[in-house]
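K.L.:
Following is a predicted model, sequence given first.
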Amino acid sequence: MSEASDKQKRIIGIDIDDVLIDTHGSRLNDFYNDRFGTSWKKEDYFSIKLEEVWGNTKEEAAALVEEYINSNYHDSSPPHEYAKEAIAELSKHNSLVLITARKEEMREKTLAIIQTHFPDTFSEVHFTNHYFAGDKAVKKSDVCKELGVSIFIDDTLHNAEDISAAGIPVLLLDQPWNQADALPPLVTRVFSWKEILERLS
């Protein structure tokens, strides 16, 4: 394919945790339950802020997430249902980029799990450090604008609001923690990767 035709490809931005990789309801939850003898289920995660679910501080929750990412639990995380098939189809005619709230220091572990399930698929991976805060945090909307993203797929309301406010449509993958009475005009709730593929094909 020529360089000119590459540039004409639609750029789709995609989140990682609970969009590409099944995180909360799978191995992160197993990690926490095994560590503390709890019995959380995916439907118990009413908030994306884990400290509100687990009942600890934001710093403690962030430290546990970092410990999880550095563990074998993370390395055995499964892809979201039908994500592999949908991504394989979308990658044929689109440029796919990953934009995650993870921090830069997690790049090696993150790229390894992505390569396991989606080898040689994504053109770029950007780390915004949102969950871990600090002065290195950047807005996903800023990254989307810089890259020329035409549509984004995420699972959190605050990201959907941020990105859609920048004029970029968002497909919000339905999760227990992103329920709302109403969504911004450019945000569409979707319920599976099969639906995402249908909408973007």
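P.N.:
That came through, no problem. What you see is a predicted model; the values in this text were computed from it and never measured.
K.L.:
okay, now Arg107: neighbour count?
P.N.:
Arg107 has 13 neighbouring residues, counting by other C-beta atoms under 10 Å. The C-beta positions use only the backbone N, C-alpha and C, and glycine is treated the same way.
K.L.:
Enumerate every residue touching the residue lying closest to Glu52 once chain neighbours are set aside.
P.N.:
Spatial nearest neighbour of Glu52, excluding adjacent residues (C-beta to C-beta, 6 or more residues apart in numbering): Phe46 at 7.6 Å. If you count contacts by C-beta atoms under 8 Å, 6 or more residues apart in numbering, Phe46 has them with Glu52, Val53, Pro176, Trp177.
K.L.:
List just the nearest of these to Val149.
P.N.:
Nearest to Val149 out of the contacts of Phe46 is Trp177 (C-beta to C-beta; 23.0 Å).
K.L.:
neighbours around the closest residue to that closest one other than its chain neighbours, how many?
P.N.:
Distances taken as C-beta to C-beta, 6+ apart place Ile48 nearest to Trp177, at 4.5 Å, with adjacent residues excluded. When neighbours are defined as other C-beta under 10 Å, Ile48 has 21 of them.
K.L.:
who touches Ile48 in this structure?
P.N.:
With contact set as C-beta under 8 Å, 6+ apart, Ile48 has these partners: Asp155, Thr156, Leu157, His158, Trp177, Asn178.
K.L.:
redo that, cut-off 10 Å
P.N.:
Remark: with contacts taken as C-beta atoms under 10 Å, 6 or more residues apart in numbering, Ile48 is in contact with 17-18, 24, 101, 131, 155-159, 175-178.
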